[in-house]
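Enquirer: next come a sequence and a model predicted from it.
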Amino acid sequence: MTTYTVTVQSTAGGNKYFIDGVQQASLSLIINNSFTFNQDASSNDGHPLLLSATSDGTHGGGSRYDTNVVYTGDGSTVSASDYITNFNSYTTRSITISVVAATPSLFYYCNYHSGMGGSAAVTSPLEGWGRQEYGNSAWGVEYSVKTTGVSATT
């Protein structure tokens with residue numbers, strides 16, 4: 001499981017989400033993995049992060065994406081509406097998504113304010129540099145190396 005730390009900072013363009021310190025980071029959600037968006041920082045007050053298959057979520061004409069999404073407030077699983085309604089009263093708060101092959105590429109957005117979020121593309125574990133499984137030969141030819149007479153001293 002990957003955990004992203006979410007904070008909100010005021011910029012020249014208004015409030016923006018910062019993911020692990022990067023403004024509106026473009027994320028890669030790898031299939032068969034879970035991702036948690038931790039919103040414990042007080043800068044998130046008034047800015048519940050949600051997911052959508054549409055850029056800028058409900059502000060862009062889309063809807064909230066809830067498939068395989070778990071909302072947590074003060075260590076308990078809560079409904080999405082409770083998460084939004086009671087967001088500021090929770091000391092600890094997060095959402096976790098379990099990404100499967102049917103998960104569309106997503107966007108994270110603020111329930112109340114447009115233009116704060118960014119993209120969260122869903123990718124296969126075998127796409128992209130450094131994501132091939134060990135031994136699948138996707139990077140080239142595999143070689144076997146046999147050593148004899150090797151010794152080591154300290």
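Expert: Here it is on my side, so go on.

Enquirer: where along the protein do the helices fall?
Expert: 80-85 (DSSP state H).

Enquirer: which strand runs longest in it?
Expert: If you go by DSSP state E, the chain has its longest strand at strand 2-11.

Enquirer: residue contacts, the most centrally placed residue in the chain?
Expert: In the chain, the residue lying closest to the centroid (CA atoms, centre = their mean) is Phe35, at 4.9 Å. Neighbour list for Phe35: 1-4, 27, 29, 96-97, 99, 120 [criterion: CB atoms under 8 Å, 6 or more residues apart in numbering]. Just so you know, the C-beta spots here come from the backbone N, C-alpha and C atoms, and that holds for glycine as well.

Enquirer: I'd like those written out as TSV, with neighbour count, distance to Gly13 and pLDDT added.
Expert: TSV is the format used below for the contacts of Phe35 (neighbours: other CB atoms under 10 Å; distance: CB to CB, whole Å; pLDDT from 0 to 100):
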residue	neighbour count	distance to Gly13	pLDDT
Met1	8	31	89
Thr2	13	27	96
Thr3	13	27	97
Tyr4	20	21	98
Leu27	21	20	97
Leu29	20	25	96
Thr96	17	29	98
Ile97	23	27	98
Val99	18	29	97
Ala120	24	20	97
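
Enquirer: Asp56: which of these is nearest?
Expert: Nearest to Asp56, judged by CB to CB, of the contacts of Phe35 is Ala120 at 12.8 Å.

Enquirer: who does the closest one bridge with?
Expert: Bridge pairing for Ala120 (DSSP bridges) gives the partners Leu27, Leu106.
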